[in-house]
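**Q** got a structure for you, letters missing:
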């Protein structure tokens, strides 16, 4: 394939963290010595070959005219739609070793926002991300935040705050596409100062509760499932049925029907116990 035939999608490119000058220098040296050790990932869509992963390598390849006689290598992956591509890019970036804490949190927020967008129905209501018992006065559980938290090793509260920062970054990028990424992030921090302060200094009590969850059998199971999910290959037409089942299975329906029945039974017994204790207290106070 000719590098000139590859299309750069601005929205996909904005998801990629640009290299520092030193990183770009090291990548150039590696390409000049070894060529493309890893092929560029592309997606064929509507007659175009769109770059998914390898923006920095492609830029250097064009700049230095292929680094001699090295082979230009690409790998095509199949995606159902643009949302699938964006989630793949974000998760692939989260696996990089050279991410700063700010970069990591920003990517966590991007993944959360992308997942929230996908689970919304045509009326704009969220189908799966928030749940609450009809008789429960507690705040709604954000299942999307919980799943992303289990996958990325932070608390659900941090995931949601990171989502606010990521949304502000995207807003600025759309309004000022020529603004360098580091300036975009700096501006986003200023414009969403309260969210960023909370992101950097999460309430100790909330963090402790989540750390306790991570140490529990359920927390360990959720983390293990998140790691497994990240290693699952992209679906193909031949594996689409299994992939659909897997996607449904990961919506925290992780245990058998009997487990759910027992959980519901215990929850109802606990509510009855609380009501009985309140009645006994009220009678004693009277």
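**A** Okay, I see it. Not measured: the values here are computed from a predicted model. Numbering: from 1, shown residues only.

**Q** residue 52: what's it in contact with?
**A** 12, 41, 42, 43, 77, 79, 85, 88, 89 (CB atoms under 8 Å, 6 or more residues apart in numbering). All C-beta atoms are positioned from the backbone trio N, CA, C, and that covers glycine.

**Q** correct me, but residue 93 touches residue 15?
**A** Yes. Shown here, residue 93 and residue 15 form a contact pair, counting by CB atoms under 8 Å, at 6.9 Å.

**Q** before we move on, the earlier item: tell me which of the contacts of residue 52 fall in helices.
**A** With helices taken from DSSP state H, the overlap with the contacts of residue 52 comprises 12, 85, 88, 89.

**Q** widest-spaced pair of those?
**A** Pairwise distances across these (CB to CB) peak at 9.9 Å, for the pair 12 and 88.

**Q** quick check on the residue lying closest to residue 41 once chain neighbours are set aside: phi, psi?
**A** The spatially closest residue to residue 41, leaving aside those adjacent along the chain, is residue 53, at 3.9 Å (CB to CB, 6 or more residues apart in numbering). The main-chain torsion angles of residue 53 are listed as degrees, to the nearest 10 and equal phi -140, psi 130.

**Q** residues contacting residue 53?
**A** Going by CB under 8 Å, 6+ apart, residue 53 touches 40, 41, 89, 92.

**Q** so of the residues you listed, which ones are in strands?
**A** For the contacts of residue 53, the ones inside strands are 40, 41, with DSSP state E as the criterion.

**Q** per-residue pLDDT of residue 123, please?
**A** The model reports residue 123 with a pLDDT of 45.

**Q** an error on my part: the question was meant for residue 241.
**A** What the model reports as pLDDT for residue 241 is 58.

**Q** any regions of the stretch 1-150 of the chain where pLDDT drops low?
**A** Within the stretch 1-150 of the chain, the ranges that satisfy pLDDT under 70 run 119-141.

**Q** now the strands for it?
**A** Per DSSP state E, counting those that start in this stretch, the stretch 1-150 of the chain carries strands over the ranges 6-7, 40-45, 48-53, 74-76, 130-131, 141-142.
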